[in-house]
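Asker: sequence and computational prediction follow.
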2 protein chains.
Amino acid sequence: MPRTTDPDELIAAARAGDRPALARLLSIVERGGPPARAVGVRTHPLGGEAVTVGLTGAPGAGKSTLTSALVSVLRSKGERVGVLAIDPSSPFTGGAILGDRVRMGDHVLDEGVFIRSMATRGHLGGLALATPEAVRVLDAVGYPWVLLETVGVGQVEVEIAGAADTTVVVVNPGWGDAVQAAKAGLMEIADVFVINKADRGGVDATRRDLEQMLELSDDQGWRPPIVATDATTGTGVEDLMAAVSDHRRFADDSGLAAERRAARVAGELQQIMAEQVAQRAREASSGDRFAEACAAVAAHEVDPWSAAEALLAGDGDR
Amino acid sequence: MPRTTDPDELIAAARAGDRPALARLLSIVERGGPPARAVGVRTHPLGGEAVTVGLTGAPGAGKSTLTSALVSVLRSKGERVGVLAIDPSSPFTGGAILGDRVRMGDHVLDEGVFIRSMATRGHLGGLALATPEAVRVLDAVGYPWVLLETVGVGQVEVEIAGAADTTVVVVNPGWGDAVQAAKAGLMEIADVFVINKADRGGVDATRRDLEQMLELSDDQGWRPPIVATDATTGTGVEDLMAAVSDHRRFADDSGLAAERRAARVAGELQQIMAEQVAQRAREASSGDRFAEACAAVAAHEVDPWSAAEALLAGDGDR
C-alpha cells in the first residue's frame, strides 16, 4: 500500500486487514487536530459500540500480564481484541524488562489482536480526547473488544480507565496495597477487583481490606467481586473473565451501561467543544486583525471586551 | 448613597470621592463576569493611562513597608495613589502581625490614597484578568498612580508585577537572597532592585550577587539600579523614588513604555478572549440542546465534532 494519509483509503485498507494502515490511523487520532477529526467523522458511523474493559492499578501490579491473559481468553472464544496501553511502565509502551516484553509477544503474530501504546508525551488532555477516538477506530476496523490498560496514578489515567464499560482494578497481596488503591481514587471506579500475584500469600488479608472499604461505599446494586489471579500461570483468569461478563450483564439489565455510554458521549462532546473554542481563541490571538484590535484598544477607541468579541466573531465568519 | 450596583452611578459617585462606591466597583471587577465587563466598558475611556509600579519579592522582604513609604513620598509630591495588594502575607491582605498593620494604617485617613487587597481565592487566572481592570477603575476615578504589591512566588503573581510600567524587586541582605530571587524568575522582570532592611548589614555582598547576575543578562539599554533602603525609617526611599522616575524617563524615551503597554493590551485581549470562549463552551455544555446533541451522537446520527460545532454556533446566534 502506498503511504497514503487519505482517511477513506486508510480505513478501507485497515478494514481489509492492513495493520500498518490501522497503525497510521491511530497515529493520526493520537496527534489530534483536523486530520484526527476527518478520521473520527468517518469511523463514528462505522462502529457499533466497542466493549471496553479498563485495567488499572499501581505500577508493577501485573496489569500487562493480566491484559495479555485476558486477550488469550477472549481469543479462545473467537473474539477480536484491541489493546490500548496508556501506562509508561507497561511493556506495551516499552517501559518494562525484557522478560515481560517477550511474554507480551504471545499475541504479536495473531492478526485477531492489535496492540497499541498511546504516548502520553506530557499532553494528557489530548490523551483523554484521543482515547475514545482510538477505541472508535479499532471498533470500526473490526476489533469490537478493547482493553484499556492505564497506570492507576494520575487523574486522567484513572478517568480513562473509569470511563470503560467495565473497570478492573488490580492490586497485589500485602498490607497497604488496598489502601493505596483507595487513595488513588480507584475504589470509586472499580467494577471488579483483582488480587494479582495471588501465589505470594496474604490474599485473605487484602480481600478483607477491600471488603471493609466496600462496606463504606454506596453499592448502587452492584458489589464489585474480588477475584484472585496469578496472571503469569493463568490461574483465576477465567474467573476474572466471568466476573467481567457478570458485570456487563448487570450493566445492560440495570441501565448502567446506557448511563455510562451517555456520560461518555457528554464528556467527549464537552471536551471537543473546549478544544474547538480554545483553537478559535488561539487563531484570533495573532495576525493583522489582532494587531489592529490591540492598537484600537490602546488608543481607547474600543474597549477590550468588544474588541475580543469582534475578533472571535470575525474568526467564526471565515 | 443607596446600595446601588448600577455601574454609571457607582462610577459617578466614586469620581466624586465616595470611597465605598469605589470599593464596590473593585469588588465587581474582582468577581468578574458580565458586571465586571459593564464596569470595564465604562472606565476604559475615562482613564488616561495610570502609572503602575510593581513591587515584588519573597514573603517578609518588607514589600508592604516599602509600599507604604513610597506612598508617603508620592503624597508629599501631591500625587493621588492607589495600592493593590496581591500578597497573602501582606498586612493589606490581613496576613501580617499587628505591628505592620498599624504602620500601614498611616494612610487610612488620607483620601488621596486608596488601598485594596485583591483576594486570590485560589482563582489566579481571574486575578490576572481582574488586576488591569482594577487599575483602570482606580485611574478612572482619580488615582493615576497605582502600586501593585505581589508576593514574588508563583507565576501569576510574578507576571502581574512584571506587567507594571516599572517593576521593583525587593530582596534582603544576606547570602542567598539574590539567588532565591533569580530562581523565582525575578531577575528578568526587575527594572529596579531594592535591598531592603539595609540596617542588617551584608548589603555589599548582596549587591555583588545581584551585579554578578545582571552581568549575565541582556541589559537592553537599561541596567537595573540597586538601591539600599531601610523602609521602616524611610532611609533610601527617596533614592528608590528617583530610580523609579529614572526608569520611567528611560522607558518613555526609548519606546519601552509603549512596547510594554502594547504587550499588556495584547495579553489582556488574549485573556478576555480565552475567558469568553470558555464561557461559551460552558454554556453550550448543558441544557436541552446539549442533551439532544448527546442523544444524536449516541445514536450515531451525527458525529461529535459536527455536534460540538453546531452547539457552539447555536450559542453564538442567541
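Answerer: Received the coordinates, thanks.
Asker: look up how far chain B lies from A:Asp303.
Answerer: Separation of A:Asp303 from chain B (C-beta to the nearest C-beta, to the nearest Å): 4 Å. Placement of C-beta: from N, CA and C, glycine included.
Asker: check the secondary structure at A:Ala293 for me.
Answerer: helix (DSSP: H, G, I helix; E, B strand; the rest coil).
Asker: quick check: it vs chain B, distance?
Answerer: 6 Å.
Asker: what about the closest residue to that residue other than its chain neighbours, how many neighbours?
Answerer: Nearest residue to A:Ala293, sequence neighbours excluded (C-beta to C-beta, 6 or more residues apart in numbering or on different chains): A:Ala307, at 4.4 Å. By other C-beta atoms under 10 Å in any protein chain shown, the residues close to A:Ala307 number 23.
Asker: hmm, B:Leu269 and A:Ala307 touching each other?
Answerer: Yes: between A:Ala307 and B:Leu269 there is a contact at 6.1 Å, judged by C-beta atoms under 8 Å.
Asker: shared neighbours, these two?
Answerer: Contact with both A:Ala307 and B:Leu269 is made by residues A:293, A:297, according to C-beta atoms under 8 Å, 6 or more residues apart in numbering or on different chains.
Asker: ok so, going back, what residues does the helix or strand hosting the residue nearest to A:Ala293 touch?
Answerer: Assigned by DSSP states H and E, A:Ala307 belongs to helix A:304-317. Contacts of helix A:304-317 with the rest of the structure, by C-beta under 8 Å, 6+ apart, involve A:280-281, A:283-284, A:289-290, A:293, A:296-297, A:302, B:37, B:40-41, B:44, B:265, B:268-269, B:272-273, B:276-277, B:313, B:316.
Asker: quick one: buried residues of it?
Answerer: By neighbour count with 16 or more other C-beta atoms under 10 Å in any protein chain shown, helix A:304-317 contains the buried residues A:304-308, A:311-312, A:315.
Asker: check stretch A:56-67 too.
Answerer: A:56-58, A:61-67.
Asker: neighbouring contacts of stretch A:249-264?
Answerer: Contacts of stretch A:249-264 (C-beta under 8 Å, 6+ apart): A:49, A:132, A:163, A:165-166, A:220-222, A:248, B:294, B:298.
Asker: no, scratch that, I was asking about stretch A:129-143
Answerer: A:11, A:14-15, A:22, A:25-26, A:29-30, A:32, A:36, A:39-40, A:42-44, A:46-50, A:52, A:80-82, A:84, A:86, A:114, A:116, A:118, A:146, A:148, A:160, A:163, A:264, A:268, A:271-272, A:275.
Asker: angle of the lengthiest helix in chain A against helix B:304-317?
Answerer: For chain A, the helix that runs over the most residues, judged by DSSP state H, is helix A:256-284. Between helix A:256-284 and helix B:304-317, the angle formed by their directions is 60 degrees, by axes from the mean of the first three to the mean of the last three C-alpha atoms, to 10 degrees.
Asker: now the helices for the stretch 51-200 of chain A?
Answerer: Applying DSSP state H, counting those that start in this stretch to the stretch 51-200 of chain A gives helices spanning A:63-76, A:98-104, A:124-140, A:155-162, A:177-183.
Asker: model confidence over the first one, on average?
Answerer: Over the span of helix A:63-76, the pLDDT mean works out to 92.
Asker: so which elements touch it?
Answerer: In terms of contacts (3 or more C-beta pairs under 8 Å, 6 or more residues apart in numbering or on different chains; DSSP states H and E), helix A:63-76 is packed against strand A:51-57, strand A:81-86, helix A:98-104, strand A:145-151, strand A:166-171, helix A:237-254.
Asker: quick check on the contacts of stretch A:129-143: which are buried?
Answerer: Among these, those scoring as buried are A:11, A:14, A:22, A:25-26, A:29-30, A:32, A:36, A:39-40, A:42-44, A:47, A:50, A:52, A:80-82, A:84, A:86, A:114, A:116, A:118, A:146, A:148, A:160, A:163, A:264, A:268, A:271-272, A:275 (criterion: 16+ other C-beta under 10 Å).
Asker: returning to that earlier point: where among the helices of the stretch 51-200 of chain A is average confidence lowest?
Answerer: helix A:98-104 (a mean of 46).
Asker: phi, psi of A:Ala299?
Answerer: Per-residue torsions, A:Ala299: phi -80, psi 10 (degrees, to the nearest 10).
Asker: any chance of TSV for the buried residues of helix A:304-317, columns pLDDT and distance to A:Arg207?
Answerer: Formatted as TSV, those follow (pLDDT from 0 to 100; distance: C-beta to C-beta, whole Å):
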residue	pLDDT	distance to A:Arg207
A:Pro304	91	61
A:Trp305	90	59
A:Ser306	92	64
A:Ala307	94	63
A:Ala308	93	58
A:Leu311	92	60
A:Leu312	88	56
A:Asp315	47	57
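Asker: B:Glu259 versus A:Ala298, what's the distance?
Answerer: Using C-beta to C-beta, to the nearest Å, A:Ala298 is found at 11 Å from B:Glu259.
Asker: more crowded one of those two?
Answerer: Higher neighbour count among A:Ala298 and B:Glu259: A:Ala298, with 18 against 11, using other C-beta under 10 Å.
Asker: circling back: buried ones among the contacts of helix A:304-317?
Answerer: For these, a burial check counting by 16+ other C-beta under 10 Å picks out A:280-281, A:284, A:290, A:293, A:296-297, A:302, B:37, B:40, B:44, B:265, B:268-269, B:272-273, B:276-277.
Asker: give the residue spans of the stretch 101-250 of chain A that score low on pLDDT.
Answerer: By pLDDT under 70, the low-scoring segments of the stretch 101-250 of chain A are A:101-106, A:119-126, A:175, A:219.
Asker: residues in contact with the residue in chain A positioned nearest to chain B?
Answerer: Chain B sits closest to A:Val277 of chain A, with a gap of 3.6 Å, by C-beta to the nearest C-beta. By C-beta under 8 Å, 6+ apart, the contact list for A:Val277 reads B:277-278, B:280-281, B:312.
Asker: find the residue closest to it in space, skipping its chain neighbours.
Answerer: B:Val277 (3.6 Å).
Asker: and the buried residues of helix A:304-317, which is closest to B:Arg207?
Answerer: Within the buried residues of helix A:304-317, the smallest distance to B:Arg207 is 40.8 Å, found for A:Pro304 (C-beta to C-beta).
Asker: do you know how far that closest one is from B:His44?
Answerer: With C-beta to C-beta as the criterion, A:Pro304 and B:His44 are 7 Å apart.
Asker: also A:Ala262?
Answerer: Distance from A:Ala262 to B:His44, by C-beta to C-beta: 44 Å.
Asker: contact residues of chain A facing chain B?
Answerer: By the rule C-beta under 8 Å from any C-beta of the partner chain, the part of chain A lying against chain B is A:37, A:40-41, A:44-45, A:261-262, A:265-266, A:268-270, A:272-274, A:276-278, A:280-281, A:284-285, A:290, A:293-294, A:297-298, A:300, A:303-309, A:311-313, A:316.
Asker: tell me the domain ranges of chain A?
Answerer: Domains of chain A are assigned by automatic domain parsing as A:1-46, A:48-256, A:268-317.
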